[in-house]
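Peer 1: I'll drop the sequence and a predicted model, then ask my questions.
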Amino acid sequence: MVVSSNSVLQMLGTPLHNNMIDAHLVVVIEAFLVIVGAAAAWVFPSAGANWFRRVEKGCGNHARSRGLAILVVGFLALAARAALLPVEPIPQPRVHDEFSYLLAGDTFAHGRLTNPTHPMWVHFDTFYALQKPTYMSIFYPAQGLVLAAGQVVAGHPFWGVWFSVGVMCATLCWMLQGWLPAGWAFFGGLLAVFRLALFGYWGTSYFSYWDNSYWGGAVAATGGALVLGALPRLRRSPRVGPSILLGLGLAILANSRPYEGFFLGLSVTIVGAVWLLGKKRPPIVVILKRIVAPLLLVLVPTICAMGYYFWRVTGNPIRIPYLVNVQTYDPVPYFPWQSMRPIPEYHHQVIKDFYLGWTLDGYNTAREHPFKSIGNATLRLATFFLGPLLLMPVAALLLAHPRKFLSGLTKPGKARLLLVLCIVPLLGTAMPVFFNPHYAAPLTGAFYALIVMAIRHLWLWQWHSRPIGRQLVRAVPVLAVAILVLHTSGLGRYLGIPAPSRDFGRAEILTHLQGGREGQLVVVQYAPTHDGLNEWVFNEADIDDAKVVWARDMGASANEELIRYFKDRRVWLLEADDSPPKLLPYPPIGAAGP
């Protein structure tokens with residue numbers, strides 16, 4: 001019997017997409033639509049003016065109720081993603097990080113902070129998961145808690161991701177209200193819904209991976225928005241509420257993106273210190289009661305809880321799981337100016353090949369071509385958060401009012417303060433070897449505040465008494481709808497946009513195996529040319545009780561030891577690098593080994 005991922009898909013009635021999405025093509029097509037829309041706004045600056053005014057008036061009336069505006073933005077993010085489920089269904093994990101976060105979520109969902117080391121752990125050794133001193137994800141717990149909530153409350157971790165994106169968009173609207181008038185804050189919240197809850201091109205999907213994977217992004221963006229939203233409120237009037245939210249934001253960052261969160265916290269501390277030491281500072285009693293005390297009320301328990309969590313996972317309250325993983329597996333430095341560490345002993349060649357192949361290649365590229373690496377990271381950041389659609393208003397304002405644009409960034413004001421808050425975190429984000437857009441998630445609110453500030457200025461621009469700037473701004477939501485239709489209606493196929501790749505085959509075979517009556521054990525065999533990014537061996541928190549257990553092929557003798565341990569399971573041999581992957585009954589013990 002041979003079960004391939006294609007045959008499983010045929011049984012499920014689901015097409016298999018082998019093509020990776022060409023992100024460059026997608027961006028080019030969006031840029032083309034933006035150019036056409038901008039040209040139409042220039043030629044027809046008054047088209048649909050009456051209709052736009054009615055819509056703007058209605059939105060403005062709703063935006064005046066700040067609480068209602070926040071709820072509307074959050075609800076739209078949730079409703080829009082739910083409406084896309086027929087087109088973009090619940091995602092399957094693909095990347096190493098996703099499986100690690102899912103391990104954390106499954107652990108928390110079972111009411112544990114970590115799991116005991118399995119007696120056969122060497123067969124399950126894998127990426128971004130500790131096996132000793134306990135079996136657990138290497139990452140900080142915030143994203144895992146979100147996934148656990150989805151698993152416990154709604155039966156699947158995805159619903160935790162889904163809800164976290166809605167909370168993020170609502171929090172971004174609240175943050176923008178601290179920097180902008182209510183109507184423009186609402187507009188910025190809607191832009192965030194479109195770009196972060198729906199479309200943000202990256203990897204294998206033209207849908208935002210923050211809402212379409214398990215990597216995270218939304219949690220850290222929420223933490224950053226709370227920090228950035230509390231700051232202007234405290235500067236206007238020191239109060240306990242914003243101070244608590246500031247502390248909560250810092251706590252979320254410490255447990256989601258601590259490295260980038262540290263730099264944002266450092267920037268906020270510097271700005272806050274300048275204010276508190278200035279001539280307009282509030283009385284010292286007010287500072288202690290309304291700022292310092294509430295912050296300590298949040299941050300001290302957070303630090304204690306983190307220490308307890310580290311102690312349960314690694315046996316030491318100041319020993320971080322991530323660093324334990326680095327010491328155990330990864331000789332490649334985090335920063336390009338650091339030297340390679342000694343190569344550790346590996347139990348599996350595929351893990352060694354990954355760290356001394358793909359990871360080492362990234363390190364060498366960052367060392368040999370630092371400006372190219374920073375340029376690529378900048379392009380990825382701009383493509384994901386803004387894309388051609390949201391870059392268009394900035395470019396238009398720069399061309400229309402270059403002096404006003406530059407003076408807005410250099411003169412004292414909100415825009416310059418936001419830039420100051422971004423400088424240190426952006427420098428910190430640019431230093432490591434690798435970059436993904438969710439690394440910059442703490443700065444999401446600052447990015448969208450600056451974009452909306454530029455759009456506000458563009459709104460007032462006229463050319464020979466023609467309201468071209470206003471029409472360019474109005475074109476943004478129209479083009480957003482056009483992009484939505486393009487990617488959800490199938491029209492993209494006619495423009496040469498390939499369908500996004502769902503998975504490399506693991507999810508389909510897992511679904512097939514979970515349909516069996518008995519427990520399953522899959523021994524995964526790789527070819528020498530195996531791509532380390534396509535990893536199959538990831539397991540649930542409770543390995544012994546899992547319906548399907550994935551293990552590495554360690555040769556006939558070691559495999560037989562594992563098979564005897566799982567004596568009541570049906571055993572398979574997976575030839576993972578065949579095309580398609582082949583699932584074969586494992587030869588009986590005593591027969592010729594695989």
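Peer 2: Received it, and whenever you're ready, just let me know what you need.
Peer 1: can you map out the strands along the stretch 401-550 of the chain?
Peer 2: 520-525, 548-552 (DSSP state E, counting those that start in this stretch).
Peer 1: Please identify the most buried of those.
Peer 2: Mean neighbour counts were taken over the strands of the stretch 401-550 of the chain using mean count of other CB atoms under 10 Å, and the top value, a mean of 24, falls to strand 548-552. All C-beta spots, glycine's among them, are computed from the backbone N, C-alpha and C.
Peer 1: So for that one, mean pLDDT?
Peer 2: Strand 548-552 comes out with an average pLDDT of 98.
Peer 1: now the angle between strand 520-525 and it, please.
Peer 2: Strand 548-552 runs at 20 degrees relative to strand 520-525, counting by axes from the mean of the first three to the mean of the last three CA atoms, to 10 degrees.
Peer 1: so which of the strands of the stretch 401-550 of the chain gets nearest residue 564?
Peer 2: For residue 564, the closest of the strands of the stretch 401-550 of the chain is strand 520-525, at 11.0 Å, according to CB to CB.
Peer 1: How about residues contacting that closest one?
Peer 2: 509, 513-514, 536-537, 547-553, 559, 562-563, 566, 569-576, 583, 586, 594 (CB atoms under 8 Å, 6 or more residues apart in numbering).
Peer 1: What pairs with that strand, parallel or antiparallel?
Peer 2: strand 548-552 (parallel), strand 570-575 (parallel) (DSSP bridges).
Peer 1: Could I have the CA atoms of that strand written out in CSV?
Peer 2: The C-alpha coordinates for strand 520-525 follow below in CSV (Å, rounded to 0.1, in the frame of the first residue of the first chain):
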residue,chain,number,x,y,z
GLN,A,520,-0.1,5.7,14.1
LEU,A,521,3.7,5.9,14.2
VAL,A,522,5.5,7.5,11.2
VAL,A,523,9.2,7.0,10.7
VAL,A,524,10.4,9.8,8.5
GLN,A,525,13.2,9.1,6.0
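Peer 1: Centre of the chain to it, how far?
Peer 2: 30 Å (CA atoms, centre = their mean, to the nearest Å).
Peer 1: now that strand: mean pLDDT?
Peer 2: Averaged over strand 520-525, pLDDT sits at 97.
Peer 1: repeat for stretch 391-411
Peer 2: Mean predicted lDDT for stretch 391-411 stands at 80.
Peer 1: cool, stretch 442-450 as well?
Peer 2: 96.
Peer 1: what sits up against it?
Peer 2: 168, 172, 175-176, 179-180, 188, 191-192, 196, 220-221, 223-225, 227-229, 253, 257, 260-261, 264, 385-386, 414-415, 418-419, 421-422, 425-426.
Peer 1: Now the spatially most central residue of the chain: phi and psi?
Peer 2: Computing the C-alpha centroid of the chain and ranking residues by CA atoms, centre = their mean puts residue 217 first, at 3.0 Å. For residue 217, the backbone dihedrals (degrees, to the nearest 10) come out as phi 130, psi -50.
Peer 1: who touches it in this structure?
Peer 2: Taking CB under 8 Å, 6+ apart, we find residue 217 in contact with 196, 209, 210, 437, 438, 441.
Peer 1: do residue 362 as well
Peer 2: Neighbouring residues of residue 362 by CB under 8 Å, 6+ apart: 332, 433, 434.
Peer 1: among those residues, which ones are buried?
Peer 2: Neighbour-count burial (16 or more other CB atoms under 10 Å) is assigned, among those, to 332, 433.
Peer 1: just the contacts of residue 362 now: which is nearest residue 32?
Peer 2: Using CB to CB, residue 434 comes nearest to residue 32 of those, at 31.0 Å.
Peer 1: related to what we said a few turns ago, closest one to residue 120 among the strands of the stretch 401-550 of the chain?
Peer 2: strand 548-552 (7.8 Å).
Peer 1: Pull out the buried residues from the contacts of strand 520-525.
Peer 2: Buried, going by 16+ other CB under 10 Å: 509, 513, 536-537, 548-553, 559, 562-563, 566, 569, 571-576, 583, 586, out of these.
Peer 1: In which helix or strand does residue 139 reside?
Peer 2: Of the helices and strands defined by DSSP states H and E, none includes residue 139.
Peer 1: Quick check: buried residues in stretch 417-435?
Peer 2: By neighbour count with 16+ other CB under 10 Å, stretch 417-435 contains the buried residues 417-418, 421-422, 424-426, 428-430, 432-433, 435.
Peer 1: contacts for it?
Peer 2: Outside stretch 417-435, the residues touching it (CB under 8 Å, 6+ apart) are 179, 228, 231, 259-260, 262-264, 266-268, 270-271, 332-336, 362-363, 366, 373-374, 376-377, 380-381, 409, 439-440, 442-443, 446-447, 449-450, 453.
Peer 1: Take the residues you listed and keep only those in helices.
Peer 2: 228, 231, 259-260, 262-264, 266-268, 270-271, 362-363, 366, 373-374, 376-377, 380-381, 409, 446-447, 449-450, 453 (DSSP state H).
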